[in-house]
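>>> Based on what follows, work out the 3D shape:
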Amino acid sequence: MLSDPVDNFWLSRQSEFEGKSFKSVTQGSAELDAIKDKAEEETEEEKADAPKLDLLIGAFRQSLKDKVKDIRASSRLTDSPVCLVADEGDMDMHLEKILKAHKQLGGSASQRILEINPKHDLIKKLMSKAEKKGTSDLLSEAALLLLDQAYIIEGEQLVDPVAFSQRMANFMAKGL
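Sure, this is the predicted structure:
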């Protein structure tokens, strides 16, 4: 819905229709939690994992403190472990990309919020690692890899492709 590039310009002028406000799913303000059905209610396992998730988010914040605006759990993700979203009040990510491509916007990209999917297998494994001592280097490497993955998903250029490649090779070597 409204996926054409020109829609971003139109939506910046038209914020609602028949009393319903338009929200971009690329912005953190989109309240997708309200759309849950009864089968998606929080389970006991998810409640038990909350402290682990907090530890993981804390470790990620420490590793990515200057690279993202914030890190938080997401309910919008189903298949991906991470995504980037714009904060409330920040420019829509797609609109920013269009303006930069046409040299209408100078400077560097605004910092984004990294959302993580607590239901994804990778995030669950990292949550269990976050509880153990001596895993800060592993979690830091994972945080950087996941941030790079989020940029790739958004179609952005990686800041340091060589470092990404080295991190990926090291991470894969540890897993084999």
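
>>> Buried residues in the longest helix belonging to the chain, which are they?
Taking DSSP state H as the criterion, the chain has its longest helix at helix 44-63. Burial within helix 44-63, assessed by neighbour count using 16 or more other CB atoms under 10 Å, is assigned to 49, 52, 53, 55, 56, 57, 59, 60, 63. All C-beta spots, glycine's among them, are computed from the backbone N, C-alpha and C.

>>> how about CSV for these, with pLDDT and distance to residue 151 added?
Below are the buried residues of helix 44-63 laid out as CSV (pLDDT from 0 to 100; distance: CB to CB, whole Å):
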residue, pLDDT, distance to residue 151
49, 74, 27
52, 90, 26
53, 93, 22
55, 93, 24
56, 94, 20
57, 95, 19
59, 94, 20
60, 95, 15
63, 94, 15
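
>>> I'd like these written out as a markdown table, with distance to residue 69 added.
Formatted as a markdown table, those follow (distance: CB to CB, whole Å):
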| residue | distance to residue 69 |
| --- | --- |
| 49 | 24 |
| 52 | 23 |
| 53 | 19 |
| 55 | 20 |
| 56 | 18 |
| 57 | 14 |
| 59 | 17 |
| 60 | 13 |
| 63 | 14 |
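
>>> Just the strands from the chain, written as ranges.
Here the chain has its strands, by DSSP state E, at 16-17, 20-21, 70-73, 82-85, 113-116.
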